[in-house]
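In: Provided below are the primary sequence and the corresponding predicted coordinates.
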2 protein chains.
Amino acid sequence: MAVHVTEEEPRREQGEDRFLADYDPHAFAPAAVTVDVVALTIRSGEPHVLLTRRAAHPQRGWWALPGGFVRAQDGPDGPADPDLPDAALRVLSEKTLLPTELHLEQLGTYGARDRDPRMRVFSVAYMLLAPGLPDPRTGRGTEEAAWVPWRELGHGDGARAGRELAFDHGRVLADAVERARSKLEYTALATAFLPPAFTITALREVYQAVWGQDLHAANFHRKILATPGFVEDTGELSERGGAGGGRRARLYRAGGAALLHPPLLRSTQ
Amino acid sequence: MAVHVTEEEPRREQGEDRFLADYDPHAFAPAAVTVDVVALTIRSGEPHVLLTRRAAHPQRGWWALPGGFVRAQDGPDGPADPDLPDAALRVLSEKTLLPTELHLEQLGTYGARDRDPRMRVFSVAYMLLAPGLPDPRTGRGTEEAAWVPWRELGHGDGARAGRELAFDHGRVLADAVERARSKLEYTALATAFLPPAFTITALREVYQAVWGQDLHAANFHRKILATPGFVEDTGELSERGGAGGGRRARLYRAGGAALLHPPLLRSTQ
DNA sequence: AGAGAAAAACTCATCATGAGAAGAACTTGG
DNA sequence: CCAAGTTCTTCTCATGATGAGTTTTTCTCT
């Protein structure tokens, strides 16, 4: 039985205002919402993730993703976060003092019952991709903040278990890595890891670093230029060829396309 | 500066237990977490979404996605939800009395400041795909529950604005539709819309319904059979050819593969 | 100038795709 | 029963994309 919902037009009745006036939000069991940020970058050809060492309980001293409580309402600490992405960027800059104009994408929300010993905590994870960022400075609520290579965390090629992170952050990081790998296939996201002007070789090295496999340089070059809107020629050339000489590379900027058609697949080769 | 995190091994100190004993969860500003379910199915060749009409304030009488508060702790209404997917299935069965063994996938979390007039509400949206489900029966907290065609909500082909849903559920639904369309391309998800045994034509009709475009029957057939692990032959034939006669179709079941390599692309044609 | 290096262009066999035609298996109407 | 219509399935063929390798161009260093 299909229902034609275009026929009626309910509006807020007078009963609703009184309902809201009588509503007591404190009647609910306490639950907290946090944001955790998986910030990924590439340094000297290797993917790194931004980690902080916890300065406070619980799990003090453990490495963790930068994260913190969402400000649901205006309070003594500051105004409420207008939306979740705002909270993610605020928390990131508080803990690591990094700039906050970056590509941000929601990964998922984790809310298993015992993931935090304090209370029921629902954590919204964000992924952030950025070109060579500076070393983080240590901000409020952390002992230390640093870029850590994936390799050391056991997510480089899957096999090694690696070091555990606080809470369920190991799983969140693994989800982020898989999301980043998959998004490179069908979106132009790889350019988010690069400065405004870059060479095709630099773009290929992003793919190789994130996917952990080598790509055929000539075919990659052909494919990138054949994909409309992926990159635009700047007309400039790179400063120098490689260390031991070599032709100077053409510089490109990110094109307008967000999606790649057809996608760049990793598995078949 | 790369940090070698494999060298130290912090453990919970004695200070942590005392910290947890003194912790007051009520000190935080109230915030609530809800789950909303976008249940999608295909009925007579058209995609439908499951909607309920709100029986309670706020926005009483409006159509909305089935959803409700997550039980963060054990309480008078029942035990706490162990995890978010459990909450989604519980809420769905409470409001629509539908069975709850279905394909569930997290879509995203919405937490803009003024999306709910009662208090700060963070809503985790789930998408659920299912083969021809029965008409829902109206459960607790709803006036009515029904399958509504996408077409009537203005998401069939994008252009028309359609009828508004409560809160920001229109946007959640739009995100779910786009996610479903995109997941058909590179996963074997389409079989989730079908009964255990199905014909290639039925599978093609799922793609056509969700993508809103016709596909070349012969090429689709070839592509499906050439994709390893997508479908497995059952050896059976369908009961009858179409209404006006026709060859009986071979029946297949879903194969083991979750991902399609290479993907089935919609745009190029 | 010559060797080596990196980027870019080219070649070619193979595979995938879009479009259409033809065959196979079934139902219905004469 | 036979012919016509329908649906499913297989086949053909032109075109385009891909994987692998080679060649050309342009640079640095000795």
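Out: On my side now, so go ahead.
In: ok, residue A:228 - contacts?
Out: A:255, A:257, A:261 (CB atoms under 8 Å, 6 or more residues apart in numbering or on different chains). Every residue, glycine included, has its C-beta placed from N, CA and C.
In: backbone phi and psi for the closest residue to the first one other than its chain neighbours, please?
Out: The shortest distance from residue A:255 to any residue other than its chain neighbours is 4.2 Å, reached at residue A:229 (CB to CB, 6 or more residues apart in numbering or on different chains). Backbone dihedrals for residue A:229, given as degrees, to the nearest 10, come out at phi 80, psi 0.
In: isn't residue A:229 up against residue A:254?
Out: No. The pair residue A:229 / residue A:254 is not scored as a contact, 9.4 Å apart, by CB atoms under 8 Å.
In: which residues are in contact with each of these two?
Out: Taking CB under 8 Å, 6+ apart as the contact rule, residue A:229 and residue A:254 both touch residue A:188.
In: which one's more surrounded, these two?
Out: residue A:254 (20 against 14; other CB atoms under 10 Å in any protein chain shown).
In: separation between the more buried one and residue B:130?
Out: 40 Å (CB to CB, to the nearest Å).
In: go on, residue A:131?
Out: 43 Å.
In: now do residue A:86
Out: Separation of residue A:86 from residue B:130 (CB to CB) stands at 35 Å.
In: ditto for residue A:181
Out: Between residue A:181 and residue B:130 the distance is 29 Å, computed by CB to CB.
In: if you count what's nearby, which of the two comes out ahead?
Out: residue B:130 (19 against 15).
In: bridged to the more buried one, which residues?
Out: Per DSSP bridges, the residues bridged to residue B:130 are residue B:41.
In: how far away is it from residue B:189?
Out: For residue B:130 relative to residue B:189 (CB to CB), the value is 12 Å.
In: overlap in contacts, the two.
Out: With CB under 8 Å, 6+ apart as the test, residue B:130 and residue B:189 both reach residue B:103.
In: which residues touch residue A:56?
Out: Going by CB under 8 Å, 6+ apart, residue A:56 touches residue A:141.
In: hmm, I was thinking of residue A:169
Out: By CB under 8 Å, 6+ apart, the neighbours of residue A:169 are A:36, A:64-65.
In: try it again with 6 Å
Out: A:64-65 (CB atoms under 6 Å, 6 or more residues apart in numbering or on different chains).
In: do you know how far it is from chain B?
Out: Going from residue A:169 to chain B by CB to the nearest CB, to the nearest Å gives 12 Å.
In: for stretch A:112-121, measure first residue to last.
Out: 8 Å (CA to CA, to the nearest Å).
In: avg pLDDT for that stretch?
Out: What stretch A:112-121 shows for mean pLDDT is 88.
In: one more: stretch A:202-212?
Out: 96.
In: which parts of it are buried?
Out: Within stretch A:202-212, the residues that count as buried by 16 or more other CB atoms under 10 Å in any protein chain shown are A:202-207, A:209-212.
In: same question for stretch A:132-141.
Out: A:133, A:136, A:138-139.
In: keep the residues you listed, but drop any that are not near DNA strand C.
Out: Applying CB under 7 Å from any atom of the strand to the buried residues of stretch A:132-141, one finds that nothing falls near DNA strand C.
In: now flag whichever of the residues you listed is closest to DNA strand D.
Out: Closest approach between these and DNA strand D, by CB to the nearest atom of the strand: residue A:133, at 28.5 Å.
In: now do the phi/psi pair for the closest one.
Out: According to degrees, to the nearest 10, residue A:133 has phi -80, psi 160.
In: now it: closest residue in space, sequence neighbours ignored.
Out: residue A:41 (5.4 Å).
In: identify the residues contacting the one you found.
Out: Neighbour list for residue A:41: A:48, A:130, A:133 [criterion: CB under 6 Å, 6+ apart].
In: how about the secondary structure of the closest residue to residue A:97 other than its chain neighbours?
Out: Once flanking residues are discounted, residue A:97 sits nearest to residue A:137: 4.2 Å by CB to CB, 6+ apart. Under DSSP: H, G, I helix; E, B strand; the rest coil, residue A:137 falls in the coil class.
In: show the model's pLDDT score for residue A:137.
Out: Residue A:137 is assigned a predicted lDDT (pLDDT) of 86.
In: test my guess that it contacts residue A:98.
Out: No. Contact criterion CB atoms under 6 Å: residue A:137 and residue A:98 do not qualify, at 8.2 Å.
In: DNA strand D contacts on chain A?
Out: So far as CB under 7 Å from any atom of the strand goes, chain A lies against DNA strand D at A:216, A:218-219, A:222-223, A:226, A:237, A:240-241, A:244-248, A:262, A:265, A:268-269.
In: would you mind listing which of these are buried?
Out: For the residues of chain A next to DNA strand D, buried by 16+ other CB under 10 Å: residue A:223.
In: quick one, domains of chain A?
Out: Segmentation of chain A into domains, based on automatic domain parsing, reads A:29-183, A:187-254.
In: so what would you say the end-to-end distance of the last one is?
Out: The first and final residues of domain A:187-254 sit 12 Å from each other (CA to CA).
In: anything in the strand or helix carrying residue A:219 near DNA strand C?
Out: Using DSSP states H and E, residue A:219 falls within helix A:217-226. Yes. On the criterion CB under 7 Å from any atom of the strand, helix A:217-226 is in touch with DNA strand C at A:217-219, A:221-222, A:225.
In: now for that helix, which elements pack on it?
Out: Secondary-structure packing of helix A:217-226 (3 or more CB pairs under 6 Å, 6 or more residues apart in numbering or on different chains; DSSP states H and E): helix A:200-211.
In: next, the angle helix A:217-226 makes with the helix it packs on.
Out: Using axes from the mean of the first three to the mean of the last three CA atoms, to 10 degrees, the direction of helix A:200-211 lies 100 degrees away from that of helix A:217-226.
In: need the contact partners of helix A:200-211.
Out: A:42, A:45-47, A:180-181, A:184, A:190, A:193-194, A:214-215, A:220-221, A:224, A:249, A:266.
In: taking chain A, what residue is nearest to DNA strand D?
Out: Counting by CB to the nearest atom of the strand, chain A gets nearest to DNA strand D through residue A:245 (2.6 Å).
In: beta partners for that residue?
Out: With DSSP bridges as the rule, residue A:245 is bridged to residue A:242.
In: returning to that earlier point: tabulate the residues of helix A:217-226 next to DNA strand C (a markdown table), appending pLDDT.
Out: Shown next, in a markdown table, are the residues of helix A:217-226 next to DNA strand C (pLDDT from 0 to 100):
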| residue | pLDDT |
| --- | --- |
| A:217 | 97 |
| A:218 | 97 |
| A:219 | 97 |
| A:221 | 97 |
| A:222 | 97 |
| A:225 | 96 |
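In: no further queries at this time; thank you.
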